[in-house]
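**Student:** Fold the following, please.
(2 chains)
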Amino acid sequence: MVTRSSFLLSITRIFTWTFLLGLAVVVLYPLLWMVLNGFKENAELFGNPFALPVAWNWENYVDAWNRGVDNYLMTSVLVTITSTVATVFISAWAAFGLTRVNIPFSRTIVTLILGGLMLAPTVALVPLVKLFQSLGLYNTFWALLILYTAFRIPFTTFLIRAYMIDLPREVDEAAEVDGASKATTFWKIILPMCKPIIVSTVILHVLFAWNEYLFAMVFTSGTEMQTLPVGLTSLMSKHGTDYPVVFAGMAIAALPVVLLFFAGQRYFIKGLADGVGK
Amino acid sequence: MLLQQPSKTASGAGLVQPVPGRRRLRRPGARRDRSSSGRLSSVRLRSFAWVLPAVLLLGSFVYLPLLQNFAFSTLEWDIYSGRQTFIGGDNYVKLMQDPVFWSALGNNVLYAVISIAFQVFGAIVLAAMIEGIRSDRWRRALRAIYFIPSAISLTVAGLLFYFIYEPNLGMLNYVLETLGLAAWAQPWLGQESTAMLAVIAMSQWQGFGYSTLLFAVAIQRIPSELYEAAALDGIGPARRLFHITMPLVREMSGLMIIVTISGAFQVFNEVMVMTSGGPNNSTQVLGTWLYRNGFVRNDFGYAAAIATVIFVVTLGLALGQLYISRKRRVEW
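**Tutor:** Now for the predicted structure:
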């Protein structure tokens, strides 16, 4: 009896490991293929897809960089950083006001801000294009900054507010007794205490802004203003026959977020759990 | 500058000093006094500065366009003159009679169903398998590896799979030929029968790690005594999965099902990158059909009508999600 169940157990274990490792290969191999193809000559691509590159051509990566990826990357970095800072500060600011300042109609305001969570960006797309055209902001950096900030405020405020609610009131009261203003309490006391959730929201926003496609595609055109995701598709359509350069461009686009993920894995997981778990 | 305003407000209220122009002297303890909330004093008005940036941005760029969308959906836009004519519900009538709209809606539903199978139920089983591993290092490594595709953008993943499905240099057909299954090799994205499934398959590859990670976190919260007791009673891993893990991550599953369906109705990026809705509109989803009508054919009114359908579906699901999380909060 004991031997039979331990035999079954080891069978289960072998099956589990085979499955888990097999799945890891299915995930990793396409990514490896992408990076390796970035080093190949065009003709090599049509041979054995599992072959290693004959020579390691860094030129494809340099080529991709010079054919616009440098611009796309700069735009992506700029839009990601500015919209992250704007979103997180405006959201933390609002979350503080909603949890620690006596604001008239605060329930209505909470509903208004968090209600934005329920709205899909696609729904507002057509009027937004008209609006940005009339504001003269179409195809500018401002369009993406404003959209990325406005559409992510609900989610970011939701997370920071949930965290701030749980912070003890005594902290504020102590600060108040010491004569600190609300703003000082926010900057010097509450914001530093919110560091874990701030890190999570920063990571979640960076991931969003770096990868966003719909707005970037509709609101920008031309190498100067396009972000990486849209830039890659134009690289593809412009140099569609020069596949290794496209592969190199994709690898360049993927690398920063993968590194960010491994660098901040702990916060990352916590952030994602906060995002859905709350 | 805006950031400075509340500081004045609050410090004024914090210091117990009679400020000229203010009628009532407030002691710190009396500040939350309900009786004072009837009148909007300048102090209380200034407290709006905390939420003003958020409310202004949301009002102008989220809510206003949303309302405009309903108005747009009742108009016919002349592309050349830019003139708008009110046509009432005609765009919706047109929608009901548009076969591509229905097939797009069907594709969204297919997307949702397959994603629930893989990214909710598949992910629970996978997360349970991972959390069953004894080595902490392996657990962490596997979770991280599975997550990588979710960190890279859908655009990169979509382009990557465009090449994997490509008949001449793609990996998939090569693998099939190597395995002696040359007969199965086909132009995956190039024919109507397989294109949609190929796009959805890519999306599962890209997204399963994300939900697996979330379920893994949920499973970690289950007290380990439950598993230990079950193991002592000789209950096997499969029964533990069905009788302990699944019931205890039920709320998370409910939430994930709704998030997944809602996501499936907003699909745009991967379809756009891989097929642009082709061949022969077989991979159109609501998002891409909206884009095509609005920005390729410049039929803004019709695009707005499609947007309304997306709005109704996603809002309905979001309210359902709210209901579930409310219920859960009461249970806890």
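**Student:** Which strand or helix spans residue 257?
**Tutor:** Unless you meant another one, I'm taking chain A. Per DSSP states H and E, residue A:257 falls inside helix A:243-263.
**Student:** ah, no, chain B please
**Tutor:** Counting by DSSP H and E, residue B:257 is part of helix B:250-264.
**Student:** do that helix and chain A meet?
**Tutor:** Yes - under the criterion of C-beta under 8 Å from any C-beta of the partner chain, chain A is reached by helix B:250-264 at B:252, B:255, B:256, B:259, B:262. From N, CA and C alone the C-beta is placed, and that goes for glycine too.
**Student:** Neighbour count and pLDDT added to those residues, as JSON lines?
**Tutor:** Output for the residues of helix B:250-264 next to chain A, formatted as JSON lines (neighbours: other C-beta atoms under 10 Å in any protein chain shown; pLDDT from 0 to 100):
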{"residue": "B:252", "neighbour count": "23", "pLDDT": "80"}
{"residue": "B:255", "neighbour count": "22", "pLDDT": "80"}
{"residue": "B:256", "neighbour count": "25", "pLDDT": "86"}
{"residue": "B:259", "neighbour count": "20", "pLDDT": "85"}
{"residue": "B:262", "neighbour count": "20", "pLDDT": "88"}
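**Student:** lowest confidence element among the helices and strands of chain A?
**Tutor:** Least confident helix or strand, chain A: helix A:265-277 with a mean of 67, by mean pLDDT, DSSP states H and E.
**Student:** what's whichever residue of chain A sits closest to chain B in contact with, if anything?
**Tutor:** As assessed by C-beta to the nearest C-beta, chain B sits closest to residue A:97 within chain A, at 2.4 Å. For residue A:97, the contacting residues are A:103, B:6, B:47, B:49, B:50, B:51, by C-beta atoms under 8 Å, 6 or more residues apart in numbering or on different chains.
**Student:** Buried residues, stretch A:82-90. List them.
**Tutor:** Using 16 or more other C-beta atoms under 10 Å in any protein chain shown as the test for burial, stretch A:82-90 gives A:82, A:83, A:84, A:86, A:87, A:88, A:89, A:90.
**Student:** Identify the residues contacting it?
**Tutor:** A:144-145, A:148-149, A:152-153, A:156, A:160, A:198, A:201-202, A:205-206, A:209, B:53-54, B:57.
**Student:** Distance from that stretch to the middle of the chain?
**Tutor:** 13 Å (C-alpha atoms, centre = their mean, to the nearest Å).
**Student:** Same check on stretch A:88-99?
**Tutor:** Distance, stretch centre to chain centre, for stretch A:88-99: 20 Å (C-alpha atoms, centre = their mean).
**Student:** And for stretch B:174-193?
**Tutor:** Mean-position distance between stretch B:174-193 and its chain equals 32 Å (C-alpha atoms, centre = their mean).
**Student:** That one spans what distance, first to last residue?
**Tutor:** Stretch B:174-193 has an end-to-end distance of 20 Å (C-alpha to C-alpha, to the nearest Å).
**Student:** ok, residues contacting that stretch?
**Tutor:** A:48-50, B:162, B:165-167, B:170, B:172-173, B:194-195, B:198-199, B:274-275, B:279-280, B:282.
**Student:** dump the residue contacts of whichever residue of chain B sits closest to chain A.
**Tutor:** Taking C-beta to the nearest C-beta, chain A has its nearest neighbour within chain B at residue B:50, 2.4 Å off. Counting by C-beta under 8 Å, 6+ apart, residue B:50 makes contact with A:93, A:94, A:96, A:97, A:98, A:101, A:103, B:6.
**Student:** so the third one sits in a helix?
**Tutor:** What it means is residue A:96. Yes - membership of residue A:96 in a helix is supported by DSSP: H, G, I helix; E, B strand; the rest coil.
**Student:** Quick check: it touching residue A:187?
**Tutor:** No - contact criterion C-beta atoms under 8 Å: residue A:96 and residue A:187 do not qualify, at 9.6 Å.
**Student:** And those two? Which one has more around it.
**Tutor:** residue A:96 (25 against 15; other C-beta atoms under 10 Å in any protein chain shown).
**Student:** Tell me the predicted confidence for that one.
**Tutor:** Looking at residue A:96, its pLDDT reads 94.
**Student:** Please name the spatially closest residue to it (chain neighbours excluded).
**Tutor:** Nearest non-adjacent residue to residue A:96, counting by C-beta to C-beta, 6 or more residues apart in numbering or on different chains: residue A:186, 4.9 Å away.
**Student:** Confirm that that neighbour sits in a helix.
**Tutor:** Yes - checked against three-state DSSP, residue A:186 lies within a helix.
**Student:** Work out for me the element the residue nearest to residue A:144 when sequence neighbours are not counted sits within.
**Tutor:** Distances taken as C-beta to C-beta, 6+ apart place residue A:79 nearest to residue A:144, at 4.8 Å, with adjacent residues excluded. For residue A:79, the host element (DSSP H and E) is helix A:70-100.
**Student:** phi, psi of residue B:298?
**Tutor:** phi 60, psi 30 (degrees, to the nearest 10).
**Student:** Hmm, it is touching residue B:80, no?
**Tutor:** No - Residue B:298 is beyond contact range of residue B:80, at 9.5 Å (criterion: C-beta under 8 Å).
**Student:** can you pull the contacts of the residue nearest to residue A:144?
**Tutor:** Each residue near residue A:79 by C-beta under 8 Å, 6+ apart is listed here: A:141, A:144, A:145, A:148, A:209, A:227.
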